[in-house]
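Undergrad: Provided below for reference: sequence and predicted model.
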There are 2 protein chains.
Amino acid sequence: MHTVETLFEPENVVVIGSSKLKEKVGLSSPWLFRNVIYNVKKFFKRKTFVLDLNGKIGLKSFTELSETPDLAVVTLPPKESVAHVEKAAKFGLKAFVIITGGYKDDQRQQLLKIRDEYGVRILGPNTVMGVINTANGLNTTFEKNIMPPKGNIAVVSQSGGVGACLLDWACFYNIGVSKFVFMGDKIDVDDVEILQYLSKDNDTKVICVYMEGVKNGRKFIEETKKIVEEKPIIALKGGITQESAHRAKSHTASMTGSDEIFDAAFKKAGIIRVENIEELMNAALALSKQPPMLGDNIAIVSNVGGPAILAADAVARNGLKLARLSDETRTKIEKLYPGVDATNPIDIIADARADRYRKVLELVLADRNVDGVLVINMLKSCFLEPKDAKVIPEIASKYMDKPVVDVPAGGEDFELIYKVIGRSTVPLYNLPEKGVKALKVLRLYGKIVSGR
Amino acid sequence: MHTVETLFEPENVVVIGSSKLKEKVGLSSPWLFRNVIYNVKKFFKRKTFVLDLNGKIGLKSFTELSETPDLAVVTLPPKESVAHVEKAAKFGLKAFVIITGGYKDDQRQQLLKIRDEYGVRILGPNTVMGVINTANGLNTTFEKNIMPPKGNIAVVSQSGGVGACLLDWACFYNIGVSKFVFMGDKIDVDDVEILQYLSKDNDTKVICVYMEGVKNGRKFIEETKKIVEEKPIIALKGGITQESAHRAKSHTASMTGSDEIFDAAFKKAGIIRVENIEELMNAALALSKQPPMLGDNIAIVSNVGGPAILAADAVARNGLKLARLSDETRTKIEKLYPGVDATNPIDIIADARADRYRKVLELVLADRNVDGVLVINMLKSCFLEPKDAKVIPEIASKYMDKPVVDVPAGGEDFELIYKVIGRSTVPLYNLPEKGVKALKVLRLYGKIVSGR
């Protein structure tokens, strides 16, 4: 049996499809075939072949291939797909990414028989978008020119739609990705194997999962438990009610269980659970950039009062604590800035510029009563200039054991600050509540790595 | 006593400040003064005067004014501010927007004495940004060129920072605003009076409030109870914990109470409570564009499976129900599109284009088991084109008693669909969960207007 590595690191790839066949309802079409070819050829740094059932836009049969590809990306309707997977397996291919869906039970069985006979590996069917590896450029998606920036976040999605949304999110919000995997129906390759692969992948630091169900719950918990000691896993679970779980079952044909069972399983496994796509990406961003938080005590440093109060509210709602600053820290801040009340949340007042942020952040981060810091730096209604924000990652990087997140609250404000420090080691969030949730995730991972 | 109307609809305005005085810690500065002048002169459609204590960039004293302005915008430090409010009141001005903060108790008392003696009205002090009226262009903020688009949402913020964030949000995400009021310390004009004014304002359909406390809780509940029968009020409350409430008290010097008290009061008053700035704006958008929802039953129509499952999960989490479509509706849909399972959530499959959306939406909206519809229309991983989205407001507008919200889930996908139907009557949300929350708000308001 081949390993799943070939799915991500093939020497060469063949895209198999038809320039003529189009499903009435379903993905398979000449348009999709051409788009997959376009992306693989554009981004993949190694050799790409094309096999067209109709021989119009590529070779017509395997025998015409000058060498044997490792990986086939299959964009054919179910019947044709099964036949060509068998031919390809016979020809010596090792792994298959099956884009199309709608496979009947007997067709799935045929695919599994081929796997057993030839030791090939199958991702899907119904992966919709397949695989992205930003390191070697492998990109089997059919959205032309969609390629997320390189980074250390891996994303595993059982659903094509949720995966596509996560991919769109990563591209649009510039979130650095290592690997993207669309699992689909998981008839062969399952979550555990993919997670094990990612746990050993040097390009991956954080693993995000969207799942609707697992095949082997016990094994999943056992294996993820080991993985999370090295790398955090964040999960979004779809299908929490009976009705939606039923839909999930027909959607990706996976076993589902009650939401309570999943919740307990995630806790046992040390998987951090989130509630939507934005939270998943926000949590990944925090874990990819900042250290786990080793205590509950948050300091809030802000140039505006109201948003700092909202942050303090979120601290309470998330079961964290407002740090009680040492008298020394308070006195020093208040001496430096008469008019500033250095009770946490610390309102350093609307006229604060870079220098005030620098000095207050230094004092707060050095305070042993503080485990993590939420910075709020608004431009609107304040005197701050975007370039002033540079001091935040500058000071944060001096205290690598305490996480710092930054909240340039708002729309344009967020964008303006993002332009200055968006690529720094400090993650940015557009609202106080999202910044606090990020710290909460860092705290949860802190508990996981320190054995709770 | 003059009415608060002058704060929004003055015949003419004078900006009072100093081209020289700068507070050590605080807002008052020649820069701020100049910026307020810039905005008032740029946007306000009626007459604007400038009074500069130092006589450099405007008149030096009230006697030099050719006529008596209605409204003064005061950007001076507390001491100078009090002195000039008195002079202006004597001179016949009716109302004051006091931008600056840091007023001591005796200075507040002096301001109130002036109010009592001359019948003038005072907004603030510590409003930070003052007032915006998009109808006549009055804009007393000091962020140059910041002006939200015209619309029917009024925003009332006790905090300058939260208000500025809401303002930034409205401008950036193109949310139409009627009035913007920064309440500040509320020594004279309070929430009740402003809400009463807005309830009679023809340009306002929805009222958003950020508050940290109220002066007279009983009166607040009584009055808002009347208002919400005509216009919905959505509230974000800052300071839910003892610690943050303490900070809120020192922030805007208002009475605060326990969070449970506020929660009960909001429920009694029929105010819809939200948890953060984004939810506040999202709720306002829904209420400004769509009718209240008169039942709990949601239909989900989606071209992707996973996001529809997440939407169904959110329906359950928000105490709503998945509509059980009539057999007739289901049969019709399944006959039209073999391969589509019309069990709600309805996955109309990734190859759906405008025509399939149109037909399915027509059938679903006509079904009497359906009270509201959430549409999901992704581009990535689907065959949909942005222009196809036009059918959504087209069909929605035929069923004006049932709310429809649209979710082009993701980053770029949202933006591309927004360009096509962002200004239509259907509100857009970038994630399924946010769309469902919008429907929840419409359901809450449906309960309020129908007497629960």
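TA: Everything's here; your move.
Undergrad: With just CA atoms, put whichever strand in chain A runs longest into PDB.
TA: Assignment by DSSP state E gives strand A:150-157 as the longest strand of chain A. Extracted in PDB, the C-alpha atoms of strand A:150-157 (Å, rounded to 0.1, in the frame of the first residue of the first chain):
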ATOM      1  CA  LYS A 150       2.700  30.300   1.600                       C
ATOM      2  CA  GLY A 151       2.500  29.900   5.300                       C
ATOM      3  CA  ASN A 152       2.400  27.300   8.100                       C
ATOM      4  CA  ILE A 153      -1.400  26.600   8.400                       C
ATOM      5  CA  ALA A 154      -2.800  23.300   7.000                       C
ATOM      6  CA  VAL A 155      -6.500  23.100   6.200                       C
ATOM      7  CA  VAL A 156      -8.400  19.800   6.000                       C
ATOM      8  CA  SER A 157     -12.000  20.000   4.900                       C
END
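Undergrad: what's it packed up against?
TA: Under the contact definition 3 or more Cβ pairs under 8 Å, 6 or more residues apart in numbering or on different chains; DSSP states H and E, strand A:150-157 sits against helix A:160-172, strand A:177-182, helix A:191-199, strand A:206-211, helix A:277-289. To be clear about C-beta, it is placed using only N, CA and C from the backbone, and glycine gets the same treatment.
Undergrad: What mean pLDDT does the helix or strand following the fourth one get?
TA: What that stands for is strand A:206-211. Moving toward the C-terminus from strand A:206-211, the next helix or strand (DSSP states H and E) is helix A:217-227. For helix A:217-227, mean pLDDT is 94.
Undergrad: Provide the strand pairings for the next helix or strand after helix A:217-227, with the direction of each partner.
TA: Downstream of helix A:217-227, the next assigned helix or strand under DSSP H and E is strand A:233-237. Taking DSSP bridges as the criterion, strand A:233-237 sits next to strand A:206-211 (parallel), strand A:272-274 (parallel) in its sheet.
Undergrad: Adding mean pLDDT, distance to B:Leu431 and mean neighbour count, write the ones you listed out as JSON lines.
TA: Converted to JSON lines, the strands paired with strand A:233-237 look like this (pLDDT from 0 to 100; distance: least, Cβ to Cβ, whole Å; neighbours: other Cβ atoms under 10 Å in any protein chain shown):
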{"stretch": "strand A:206-211", "mean pLDDT": "97", "distance to B:Leu431": "13", "mean neighbour count": "26"}
{"stretch": "strand A:272-274", "mean pLDDT": "97", "distance to B:Leu431": "12", "mean neighbour count": "21"}
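Undergrad: Looking at those, which is nearest to A:Lys440?
TA: strand A:272-274 (9.3 Å; Cβ to Cβ).
Undergrad: follow-up on the earlier one: rebuild the strands paired with strand A:233-237 as TSV, extending it with distance to B:Lys24.
TA: As requested, the strands paired with strand A:233-237 are exported to TSV (distance: least, Cβ to Cβ, whole Å):
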stretch	distance to B:Lys24
strand A:206-211	45
strand A:272-274	44
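Undergrad: I'd like to know which of those is closest to A:Asp355.
TA: Nearest of those to A:Asp355, taken as Cβ to Cβ: strand A:206-211 at 34.0 Å.
Undergrad: quick one, that closest one and helix A:191-199 angle?
TA: 160 degrees (axes from the mean of the first three to the mean of the last three Cα atoms, to 10 degrees).
Undergrad: For strand A:206-211, which outside residues touch it?
TA: By Cβ atoms under 8 Å, 6 or more residues apart in numbering or on different chains, the residues outside strand A:206-211 that reach it are A:152-159, A:162-163, A:166, A:191, A:195, A:198-199, A:227, A:231-238, A:271, A:277, A:280-281, A:283-284, A:287-288, B:306.
Undergrad: where do the helices sit along the stretch 251-400 of chain A?
TA: A:259-269, A:277-289, A:305-317, A:327-336, A:354-366, A:391-396 (DSSP state H, counting those that start in this stretch).
Undergrad: Quickly, which of these bottoms out on average pLDDT?
TA: Here the lowest mean pLDDT among the helices of the stretch 251-400 of chain A goes to helix A:259-269, at a mean of 90.
Undergrad: Counting by contacts, list what that one packs against.
TA: Other helices and strands packing on helix A:259-269, by 3+ Cβ pairs under 8 Å, 6+ apart, are helix A:217-227, strand A:233-237, strand A:272-274.
Undergrad: Among the helices and strands packed on strand A:150-157, single out whichever gets nearest to B:Ser66.
TA: Here helix A:160-172 is closest among the helices and strands packed on strand A:150-157 (Cβ to Cβ), at 53.7 Å.
Undergrad: by contact count, what packs against the closest one?
TA: strand A:150-157, strand A:177-182, strand A:206-211, helix A:277-289, helix B:305-317, helix B:412-421.
Undergrad: mind showing which ranges of the stretch 1-150 of chain A have poor pLDDT?
TA: In the predicted model of the stretch 1-150 of chain A, no residue satisfies pLDDT under 70.
Undergrad: what do you get if the cut-off is 90, keeping everything else the same?
TA: A:1, A:23-27 (pLDDT under 90).
Undergrad: give me every residue that touches the residue nearest to A:Ile146 when sequence neighbours are not counted.
TA: In space, and not counting its chain neighbours, A:Ile146 is closest to A:Cys171: 6.1 Å by Cβ to Cβ, 6 or more residues apart in numbering or on different chains. Each residue near A:Cys171 by Cβ under 8 Å, 6+ apart is listed here: A:Ile146, A:Met147, A:Pro148, A:Pro149, B:Gly411, B:Glu412.
Undergrad: And for A:Ile114?
TA: A:Ile114 neighbours (Cβ under 8 Å, 6+ apart): A:Val82, A:Val85, A:Glu86, A:Ala89, A:Val120.
Undergrad: host element of it?
TA: In the assignment (DSSP H and E), A:Ile114 maps to helix A:105-118.
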